[in-house]
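1. got a structure for you, letters missing:
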């Protein structure tokens with residue numbers, strides 16, 4: 001009530017107006033109003049409200065309150081996230097307080113948090129030991145971005161079991177982690193998450209900064225992490241299973257996904273010999289996914 005009395009509703013209205021203007025600009029740039037079948041015009045998307053973590057506690061509180069209210073009011077905004085460098089002094093010193101703010105203000109809306117985007121040499125060792133756990137247990141995040149510092153978390157096995165059971169999905173950013181943190185290959189925890197049964201998805205983190213796309217991330221997953229086709233397929237499907245779409249939308253998109261994969265696999269099979277197809281079937285039957 002105190003927030004609404006001090007203009008929360010006006011902030012949400014202004015944010016919704018900004019969103020409508022942004023969507024209109026996107027459609028205009030793509031030429032969708034003139035020809036809806038142009039490339040990109042049939043791509044659907046949703047927004048995650050960003051909260052700048054390297055500001056004062058009062059500012060983080062206000063941003064979180066507005067973000068949570070916006071999610072409740074606007075279907076296009078489906079979750080909130082804390083952004084900016086996790087190794088910043090403010091992000092480190094206020095980390096637990098930030099998780100408590102999210103828990104207090106956003107307990108009824110989807111939360112996705114960047115947590116564990118840290119590595120040895122970036123922060124004092126104690127800071128590596130609790131960020132993922134607090135994002136999961138205090139802020140109740142449904143998605144964790146990065147999660148690179150997993151090996152340094154207190155009771156890693158217990159944390160993995162909790163993330164598998166809830167479940168909490170991990171957004172894996174292979175290029176970003178290699179470029180920013182210098183973590184790649186066997187040092188990356190992707191294989192550990194997969195072995196523990198924690199659902200993962202692939203993400204670019206910031207395609208505009210890294211000059212990459214999702215194809216690049218799937219290539220890295222094969223080249224750097226040795227993932228096979230069934231695993232990649234399961235990861236791609238996880239992106240819908242653990243999305244913030246409502247259940248009707250999610251079911252519709254999963255059906256479309258499955259139809260597309262059947263069509264794709266059949267087209268590949270038609271281009272291969274009978275022996276090659278038999279080998280593929282045997283491998284698929286033996287795969288864990």
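-> Ah, there it is. The structure displayed is predicted, hence computed values, not measured ones.
2. ok, residue 11 - how many residues close by?
-> By other CB atoms under 10 Å, the residues close to residue 11 number 17. Every residue, glycine included, has its C-beta placed from N, CA and C.
3. That one against residue 63, yeah?
-> No: using CB atoms under 8 Å, residue 11 is not in contact with residue 63, being 9.9 Å away.
4. and the residue lying closest to residue 86 once chain neighbours are set aside, how many neighbours does it have?
-> Among residues not flanking residue 86 along the chain, residue 117 sits closest, at 4.8 Å (CB to CB, 6 or more residues apart in numbering). By the measure other CB under 10 Å, the count of residues near residue 117 is 25.
5. Sketch out the low-pLDDT regions of this structure for me.
-> Applying pLDDT under 70 to the chain picks out residues 1, 277, 280-281, 284-289.
6. just the strands in it please.
-> 47-52, 77-83, 112-115, 143-146, 169-172, 200-202 (DSSP state E).
7. What distance do you get for residue 260 to residue 192?
-> From residue 260 across to residue 192, the span is 30 Å (CB to CB, to the nearest Å).
8. Which one of these two is surrounded by more residues?
-> Between residue 260 and residue 192, counting by other CB under 10 Å, residue 192 is the more crowded of the two (15 against 10).
9. any idea how far the more buried one is from residue 160?
-> Separation of residue 192 from residue 160 (CB to CB): 7 Å.
10. residues shared between the contacts of these two?
-> Residues touching both residue 192 and residue 160 (CB atoms under 8 Å, 6 or more residues apart in numbering) are residue 150.
11. ok, back up a step: using JSON lines, lay out the strands of the chain together with mean neighbour count and distance to residue 209.
-> Converted to JSON lines, the strands of the chain look like this (neighbours: other CB atoms under 10 Å; distance: least, CB to CB, whole Å):
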{"stretch": "strand 47-52", "mean neighbour count": "18", "distance to residue 209": "14"}
{"stretch": "strand 77-83", "mean neighbour count": "22", "distance to residue 209": "12"}
{"stretch": "strand 112-115", "mean neighbour count": "26", "distance to residue 209": "14"}
{"stretch": "strand 143-146", "mean neighbour count": "26", "distance to residue 209": "14"}
{"stretch": "strand 169-172", "mean neighbour count": "24", "distance to residue 209": "16"}
{"stretch": "strand 200-202", "mean neighbour count": "21", "distance to residue 209": "17"}
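12. Roughly how far does residue 20 sit from residue 89?
-> 37 Å.
13. Also residue 147?
-> Counting by CB to CB, the separation of residue 147 from residue 89 is 22 Å.
14. neighbour count winner among the two?
-> The neighbour count for residue 147 versus residue 89, taken as other CB under 10 Å, is higher for residue 147 (32 against 10).
15. Please list all residues in contact with the most centrally placed residue in the chain.
-> Central residue of the chain (CA atoms, centre = their mean): residue 171, 4.3 Å from the mean position. The neighbourhood of residue 171, defined by CB under 8 Å, 6+ apart, consists of 112, 143-147, 200-203.
16. Touching, residue 168 and residue 136? I think so.
-> Yes: between residue 168 and residue 136 there is a contact at 5.5 Å, judged by CB under 8 Å.
17. Name the residues contacting each of those two.
-> With CB under 8 Å, 6+ apart, residue 168 and residue 136 have common neighbours 144, 162.
18. Next one: the nearest residue to residue 227 once chain neighbours are set aside relative to residue 6, how far apart?
-> Excluding the flanking residues, the one nearest residue 227 by CB to CB, 6+ apart is residue 221, at 4.6 Å. According to CB to CB, residue 221 stands 47 Å off from residue 6.
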